[in-house]
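Asker: could you look at this predicted model? Sequence included:
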Amino acid sequence: MMRWVREHRWLVIGALAIVAAAGGLLAYTTFFREEPAAYFDSDEEHFLYGSTGTESQEGIPYWIWLVLPRLFPEYLPGPGGWASLGIHAQPNHEMPIGLSKVTIGFPRVAINCAMCHVTSVRTSVDAPPMLVPGGTSNTTSPQQYLRFLLACASDPRFTADVILGEIAKSHRFSAYERLVYRFVIIPRTRQGLLEVKARESWMDKNPDWMRGRIDPFNPVKFRYLKQPIDGTIGNSDMMPLWNLGTREGANRAFHWDGLNTNLREVVLSSAIGDGTATKWVERDLARWDSTDRRNQSSLRRIQDYIARLQPPKYPLPIDAALSARGAATYKAQCASCHETGGERTGTVIPLDEVGTDRHRLDMWTKGSADAYNGYTSSYSWKLTHFQKTAGYLSVPLEGLWLRAPYLHNGSVPTLGHLLCPATRPARFLRGNLHYDEALVGFEWAERPKARYAPGESMLVKEFDTTVPGRSNTGHRFGAGLCPDTTGLDPIADRKEIETRISGSRVGALLAYLKTL
């Protein structure tokens, strides 16, 4: 035998090479071959469902993702599958809003921008929910979504037998696919999720983010920038993404504390923060200037969309005469900080002046900014506009009626409470879709009525402003306009407070603010 091999060694080498090549091709096709992401003609649909490159590093195998709510419902807040996490779905779309699906060897699911930037509102008890792209998410909980995945992976039932058995109820794998899922994909998915659980264990020592809120930068600090785990709390409300292209000139800045001054860098770094690989960003940027819609940069489409996206107009009646009186108050009291072109609009207001919760500001350090500016030094594109500031950004107020709750940490339920600090409740409800016309914000004191969609009430949770990172102090500008509410309880006497505010100069100002 050995003599035959020696005499035919080139034949043997050739055969081995063919086997190796075939094996390599099979492995590449099974695990790494990337198919083009789904294309959407509409920029809005691209924003809601399109890929931002998170699937390769953070993607969950689609068929596993699909069956997890059926296998582990006890780790969800209630019935309804992904909807119980506040994730929205629309007819005629395979994926829920905020989740994309891309095949990289096998179909994978991961988040995109819309996970945190779509608002849902009911303008009356009987009205269907209205979904508003680019708004501040008021129902979704990215942390709860992650914790659900981690809880599933920690369960001893997360096995090939159990998962393949559930998948088989809705999909039939080939014999080869079953082997790959059994021995590679399912075990590796579980292992990967458990590694994430260990890596993100610092979250367990911090207050929960809650619905409509996120700590967007601590995960970046610790994972990518290799900053020390420092116990800081970066929890804050999601920001609206409307009309960002107007923030030009010397006062241009983004994020709650103005930590970056370049919109493209904000888009790129947000993708990285969600789990997009820098190599994917490099590839996507190569198509940045393409005029071929189907070959256009995904992140460029996102940037162009949020640069021009406009918020919806207030959908309910507005007292025109009252609004006109409020406009004069706005010009005198608010415009210098919040009118486009205002003297301080787009500038960072020092913390000592604005007086709001400092945790989000303290979370972002100079070391983090310097590290992020150096993070892409080996690439053809650079991040260079990160900075450390000393306060919070004063922003234009487009779509203000739909930005509730207010302040950077979402600690004040309505505009009425914001303008009259003495009325701010220490505890209130977040997650309600019904609108409070009187004080301008989401319903904050009563749970949804039974006529609401099944399971909608489970989205509503109490928000305690005494928890670190949730203080409702500060921004007392305009408090002198408020009526006397001494001795009134913010909740027990809410109707009396509403009456007094509505009949004051604040009531007129609220009518005008609805028009922005």
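Answerer: It's in.
Asker: contacts, neighbours, all on C-alpha from now
Answerer: Will do.
Asker: so who does L316 touch?
Answerer: Applying C-alpha atoms under 8 Å, 6 or more residues apart in numbering to L316 gives the contacts T123.
Asker: ok, it to P405 distance?
Answerer: Distance, L316 to P405, using C-alpha to C-alpha, to the nearest Å: 19 Å.
Asker: can you check A127 too?
Answerer: Counting by C-alpha to C-alpha, the gap from A127 to P405 is 21 Å.
Asker: cool, R147 as well?
Answerer: Noted for R147: a distance of 24 Å to P405, by C-alpha to C-alpha.
Asker: ranges for the strands of the protein?
Answerer: Ranges of strands within the chain are 60-61, 99-104, 106-111, 118-121, 130-133, 213-214, 236-237, 348-350, 391-393, 427-430, 435-436, 441-442, 461-464, based on DSSP state E.
Asker: which of these sits closest to Q143?
Answerer: Q143 sits nearest to strand 213-214 of all the strands of the chain, at 7.3 Å, using C-alpha to C-alpha.
Asker: paired strands for the closest one, with orientation please.
Answerer: strand 236-237 (antiparallel) (DSSP bridges).
Asker: mean confidence score for the partner strand?
Answerer: Taken as a whole, strand 236-237 has a mean pLDDT of 96.
Asker: any residues touching that strand, and which ones?
Answerer: Residues from elsewhere that reach strand 236-237 (C-alpha under 8 Å, 6+ apart): T136, W209, G212, R213, I214, D215, R360, H408, N409, G410, G469.
Asker: how many neighbours does the second one have?
Answerer: Right, W209. 22 (other C-alpha atoms under 10 Å).
Asker: and what of the first one?
Answerer: The tally of other residues near T136 (other C-alpha under 10 Å) stands at 26.
Asker: could I get the pLDDT score of it?
Answerer: 91.
Asker: same deal with the last one?
Answerer: The confidence metric pLDDT takes the value 97 at G469.
Asker: please name the nearest non-neighbouring residue to it.
Answerer: Excluding the flanking residues, the one nearest G469 by C-alpha to C-alpha, 6 or more residues apart in numbering is H359, at 5.4 Å.
Asker: the one you found and Y224, how far apart?
Answerer: Look at H359 and Y224: by C-alpha to C-alpha, they are 21 Å apart.
Asker: so for those two, which sits in the more crowded spot?
Answerer: Higher neighbour count among H359 and Y224: H359, with 18 against 15, using other C-alpha under 10 Å.
Asker: hmm, that one is touching T232, no?
Answerer: Yes: H359 is in contact with T232 according to C-alpha atoms under 8 Å; the separation is 6.9 Å.
Asker: tell me how far the residue nearest to G469 lies from P468.
Answerer: 8 Å.
Asker: can you give me the buried ones in stretch 174-184?
Answerer: For stretch 174-184, burial by neighbour count (16 or more other C-alpha atoms under 10 Å) applies to R178, Y181, R182.
Asker: so what's the first one closest to, chain neighbours aside?
Answerer: Okay, so that is R178. R178 sits nearest to L164 (C-alpha to C-alpha, 6+ apart), 7.7 Å away.
Asker: how many other residues sit next to that neighbour?
Answerer: 20.
Asker: spatially central residue in this structure, please.
Answerer: C116 (2.3 Å; C-alpha atoms, centre = their mean).
Asker: circling back: relative to P187, which of the strands of the chain is closest?
Answerer: strand 60-61 (11.5 Å).
Asker: follow-up on the earlier one: closest one of the contacts of strand 236-237 to T329?
Answerer: H408 (23.4 Å).
Asker: show me the contacts for the closest one.
Answerer: S236, D237, W256.
Asker: going by neighbour count, which of the residues you listed comes out on top?
Answerer: D237 (28 neighbours).
Asker: beta partners of that one?
Answerer: Applying DSSP bridges, one finds that D237 bridges with R213.
Asker: ok, it to A89 distance?
Answerer: 22 Å.
Asker: try P317
Answerer: Remark: distance between P317 and A89 (C-alpha to C-alpha) = 29 Å.
Asker: thinking again about what came up before, what would the strands of the chain look like in CSV with distance to M203?
Answerer: Formatted as CSV, the strands of the chain follow (distance: least, C-alpha to C-alpha, whole Å):
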stretch, distance to M203
strand 60-61, 21
strand 99-104, 23
strand 106-111, 19
strand 118-121, 24
strand 130-133, 28
strand 213-214, 11
strand 236-237, 14
strand 348-350, 28
strand 391-393, 24
strand 427-430, 21
strand 435-436, 32
strand 441-442, 28
strand 461-464, 18
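Asker: which among these is found nearest to A153?
Answerer: Closest of these to A153 is strand 60-61, at 11.5 Å (criterion: C-alpha to C-alpha).
Asker: helices or strands next to the closest one in the packing?
Answerer: With contacts taken as 3 or more C-alpha pairs under 8 Å, 6 or more residues apart in numbering; DSSP states H and E, strand 60-61 sits against strand 106-111.
Asker: and the strand it packs on, what does it pack onto?
Answerer: Taking 3+ C-alpha pairs under 8 Å, 6+ apart as the contact cut, strand 106-111 packs with helix 55-58, strand 60-61, helix 62-71, strand 99-104.
Asker: let's go with 10 Å and repeat that
Answerer: Counting contacts by 3 or more C-alpha pairs under 10 Å, 6 or more residues apart in numbering; DSSP states H and E, strand 106-111 packs against helix 9-31, helix 55-58, strand 60-61, helix 62-71, strand 99-104, helix 263-274.
Asker: how many degrees apart are it and strand 99-104 in direction?
Answerer: Orientation check (axes from the mean of the first three to the mean of the last three C-alpha atoms, to 10 degrees): strand 106-111 against strand 99-104 gives 150 degrees.
Asker: so how far is strand 106-111 from its chain's centroid?
Answerer: Relative to its parent chain, strand 106-111 has a centroid offset of 17 Å by C-alpha atoms, centre = their mean, to the nearest Å.
Asker: equivalent analysis for stretch 254-263, please.
Answerer: Centre-to-centre, stretch 254-263 and its host chain are 16 Å apart (C-alpha atoms, centre = their mean).
Asker: same deal with stretch 367-376?
Answerer: 22 Å.
Asker: buried residues in it?
Answerer: Counting neighbours by 16+ other C-alpha under 10 Å, one finds that the buried residues in stretch 367-376 are S368, A369, D370, A371, Y372, N373, Y375.
Asker: ok, stretch 201-209 next?
Answerer: Neighbour-count burial for stretch 201-209 flags M203, D208, W209 (criterion: 16+ other C-alpha under 10 Å).
Asker: quick check: the first one touching W209?
Answerer: Yes: M203 is within contact range of W209, at 9.2 Å (criterion: C-alpha atoms under 10 Å).
Asker: now for the two: what residues contact both?
Answerer: Residues touching both M203 and W209 (C-alpha atoms under 10 Å, 6 or more residues apart in numbering): Q143, D215, I233.
Asker: the last one and M203 touch, don't they?
Answerer: In this case it means I233. Yes: assessed by C-alpha under 10 Å, I233 is found in contact with M203 at 9.3 Å.
Asker: hmm, L225 is touching W364, no?
Answerer: No: taking contacts as C-alpha under 10 Å, L225 lies outside contact range of W364: 11.8 Å.
Asker: overlap of the contact sets of those two?
Answerer: N218.
Asker: low-confidence ranges, the stretch 251-400 of the chain, go.
Answerer: In the predicted model of the stretch 251-400 of the chain, residues 251 satisfy pLDDT under 70.
Asker: pLDDT score assigned to the closest residue in space to L439 that isn't next to it in sequence?
Answerer: In this structure, L439 finds its nearest non-sequential neighbour in G416, 4.7 Å apart by C-alpha to C-alpha, 6+ apart. pLDDT for G416: 97.
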